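> dropping a prediction and its sequence here:
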Amino acid sequence: MKRKKRKYPLWLKIIFGMILGIIWGLVAAETGLETFTANWVKPWGTIFIKLLKLVAVPLIFVSLIKGITSITDITKLSRIGLKTIGLYIASTTIAIVFGLIIVNTFKPGHAFNQETRQEFQAEYENNVKDSEDIAGLVKDRPPLAFFEDMVPDNIIAASGDNSNMLQVIFFSVLFAIAIIILEAKKVTVVKELFDGLNDIILKIVDIVMRFAPIGVFALLSALITEFSGDVQLFVALGKYAALTIIGLLILIFGLYPLYIKLFTKIKIRDFIKHLLPVQMVAFSTSSSAATLPVTLKQCTQKLKISRSVANFVLPVGVTINMDGASFYQAVSAVFIAQVFGLDLNLTQQLTIVLTALLASIGAPGVPGGAVIMLVVVLSSVGIPAEGLALIMGVERPLDMIRTAANVTGDSAMASIVASSENEIGVEDFEDDNDD
């Protein structure tokens with residue numbers, strides 16, 4: 001009987017590619033294979049980066065439109081709808097700003113000495129556009145120039161440059177709002193078209209991510225060779241991973257329980273206890289969408305949130321609330337900039353906040369979705385996308401934890417909305433006594 005071939009999960013393949021990339025990079029640095037690596041190995045990593053950039057614009061365009069148009073019943077639940085979206089935007093913004101604060105405070109990418117950082121700054125500055133050029137800003141322009149430049153005068157031209165992602169996002173939001181305003185029967189075909197396009201784009205993302213192990217191997221090999229096997233690179237990566245994990249845990253067990261204490265009558269102990277099954281499923285699947293049935297069950301049966309509120313707020317959260325992913329993108333973008341010796345100014349970091357916030361609306365609730373969105377954030381401030389190789393090796397565990405943060409945030413916002421509407425404990429719930 002023919003033995004069935006064993007299939008390994010993608011995250012394990014990526015880690016394997018990372019390990020091989022580290023080994024090859026160290027060997028190449030010691031044996032004089034730098035030129036061979038640059039000519040025959042690095043191009044495969046460049047192809048992977050190009051594939052990520054290739055899918056970024058269509059993904060953000062299609063996902064944003066599908067995400068926004070999927071919440072058309074806000075017209076029926078206008079008060080709850082506006083309250084829900086407002087809370088999600090506020091929560092995501094706080095998570096992003098928190099990420100920027102801790103990464104700028106602890107500077108995990110500054111593990112290199114000043115001389116090394118200056119060398120890499122000189123090497124990469126030719127590949128990095130100044131963010132003031134990207135945003136079209138100069139010092140003497142009016143205060144609202146940042147928002148002025150978000151509005152494109154040619155969407156085709158804006159779509160041709162990933163650094164203009166905010167303009168693409170603006171048009172996507174405008175397009176989606178127009179669909180919502182129009183009579184449903186007039187836009188049925190358009191909605192069906194975008195449903196199909198969304199499935200196609202997600203399949204393309206899946207295909208691209210299958211190439212990730214090779215891409216990570218090639219990029220990491222080249223980076224380590226360029227860094228001459230400097231152990232400081234691994235120190236920086238360890239600090240980044242530790243800082244990101246600690247930050248996400250603070251969101252889960254600190255910030256969200258604080259929201260619950262301030263804005264609801266739910267006991268923090270009960271909130272943490274009843275969401276543990278949700279967090280475990282999110283942690284194991286790395287998918288907010290796959291975790292939704294469990295989130296709904298725990299919120300309605302254990303936290304006693306009314307089904308009318310939970311059935312609206314939680315699916316919307318899966319679509320537009322990505323606190324963990326947005327936090328991760330902010331920390332990762334600044335970390336990569338620090339490694340390459342690029343000091344981001346206030347304008348650049350404001351761009352990160354706005355881009356990560358808007359990108360979170362269209363981020364697919366599937367494993368690996370945040371990586372594509374990180375390309376969007378990196379492009380918006382001109383940070384080298386090659387830096388993705390540094391963090392891809394620890395991407396899987398970070399993805400698992402940030403998904404747990406995402407679903408915890410969804411549940412916290414649902415609790416706040418339900419409390420404000422007196423929709424907690426008002427219905428007769430079935431309780432199967434399963435924690």
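In hand now; what should we look at? Numbering: from 1, shown residues only.

> and the pLDDT at the residue nearest to residue 322 when sequence neighbours are not counted?
With sequence-adjacent residues excluded and distances taken as Cβ to Cβ, 6 or more residues apart in numbering, residue 322 is closest to residue 360, at 4.0 Å. Using the backbone N, CA and C atoms, a C-beta is placed for each residue, glycine as well. Residue 360 carries a pLDDT value of 70.

> show me what contacts residue 360?
Contacts for residue 360 (Cβ atoms under 8 Å, 6 or more residues apart in numbering) come out as 92, 320-323, 325-326, 373.

> wait, which of these is closest to residue 411?
Among the contacts of residue 360, residue 321 lies closest to residue 411 (Cβ to Cβ), at 10.3 Å.

> quick one on the thing from earlier: so which of the contacts of residue 360 belong to helices?
By the criterion of DSSP state H, membership of those in helices covers 92, 320, 323, 325-326, 373.

> if you rank these by neighbours, which is first?
Of all these, the most densely surrounded is residue 326 (35 neighbours; neighbours counted as other Cβ atoms under 10 Å).

> residue 376 and residue 58 touch, don't they?
No - proximity of residue 376 to residue 58 does not meet the contact threshold set by Cβ atoms under 8 Å, at 11.6 Å.

> of the two, who's got more company?
Set side by side, residue 376 and residue 58 show more neighbours around residue 376, with 26 against 17, by other Cβ under 10 Å.

> can you name every helix or strand that the helix or strand hosting that one contacts?
For residue 376, the element it lies in under DSSP states H and E is helix 369-380. Here helix 369-380 touches helix 42-69, helix 165-181, helix 188-210, helix 323-339, helix 346-362, helix 388-392, helix 395-420, going by 3 or more Cβ pairs under 8 Å, 6 or more residues apart in numbering; DSSP states H and E.

> same thing but at 6 Å, please
Helix 369-380 sits against helix 42-69, helix 165-181, helix 323-339, helix 346-362, with contacts defined as 3 or more Cβ pairs under 6 Å, 6 or more residues apart in numbering; DSSP states H and E.

> Serialize those to a markdown table and add fields for distance to residue 188.
Formatted as a markdown table, these follow (distance: least, Cβ to Cβ, whole Å):
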| stretch | distance to residue 188 |
| --- | --- |
| helix 42-69 | 11 |
| helix 165-181 | 10 |
| helix 323-339 | 31 |
| helix 346-362 | 22 |
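
> out of the ones you listed, the one nearest residue 99 is which?
Proximity to residue 99 (Cβ to Cβ) singles out helix 323-339 among these, at 3.7 Å.

> so what touches that closest one?
91-92, 95-96, 99-100, 103, 107-110, 236, 240, 244, 248, 344, 352, 356, 360, 363, 370, 374, 377-378, 383, 387, 391, 402, 405-406, 409 (Cβ atoms under 6 Å, 6 or more residues apart in numbering).

> list only buried entries from the residues you listed.
In these, burial by neighbour count holds for 91-92, 95-96, 99-100, 103, 108-110, 236, 240, 244, 248, 344, 352, 356, 360, 363, 370, 374, 377-378, 383, 387, 391, 402, 405-406, 409, counting by 16 or more other Cβ atoms under 10 Å.

> circling back to that earlier point, any idea which of the ones in helices among the contacts of residue 360 is closest to residue 302?
residue 323 (21.2 Å).

> in the helix or strand encompassing residue 157, what's buried?
Residue 157 belongs to helix 155-159 when assigned by DSSP H and E. Neighbour-count burial for helix 155-159, counted by 16+ other Cβ under 10 Å, picks out 155, 158-159.

> and it, what does it pack onto?
If contacts are counted by 3+ Cβ pairs under 6 Å, 6+ apart, helix 155-159 sits against helix 165-181.

> pull out the buried residues from the helix it packs on.
Neighbour-count burial for helix 165-181 flags 165-173, 175-176, 179 (criterion: 16+ other Cβ under 10 Å).

> nearest to residue 304 among the residues you listed?
Among the buried residues of helix 165-181, residue 176 lies closest to residue 304 (Cβ to Cβ), at 33.5 Å.

> and that closest one, how far from residue 155?
Using Cβ to Cβ, to the nearest Å, residue 176 is found at 14 Å from residue 155.

> again with residue 383
In this view, residue 383 and residue 155 are 24 Å apart by Cβ to Cβ.

> likewise for residue 260?
Counting by Cβ to Cβ - residue 260 and residue 155 are separated by 42 Å.

> excluding its backbone neighbours, what's nearest residue 279?
Closest to residue 279 by Cβ to Cβ, 6+ apart is residue 404, at 4.4 Å.

> show me what contacts the one you found?
279, 282-283.

> work out for me the element residue 83 sits within.
Taking DSSP H and E as the definition, residue 83 sits inside helix 78-106.

> now that helix against helix 395-420, angle please.
Counting by axes from the mean of the first three to the mean of the last three Cα atoms, to 10 degrees, helix 78-106 lies at 140 degrees to helix 395-420.

> quick one: mean pLDDT over helix 78-106.
The average pLDDT within helix 78-106 is 88.

> list the buried residues of that helix.
In terms of neighbour count (16+ other Cβ under 10 Å), helix 78-106 has its buried residues at 80-81, 83-85, 87-89, 91-100, 102-103, 106.

> stretch 210-224 now?
Those would be 212-224, for stretch 210-224 by 16+ other Cβ under 10 Å.

> turn the residues you listed into TSV, including pLDDT.
TSV is the format used below for these (pLDDT from 0 to 100):
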residue	pLDDT
212	80
213	85
214	89
215	84
216	79
217	88
218	87
219	80
220	79
221	86
222	83
223	75
224	79
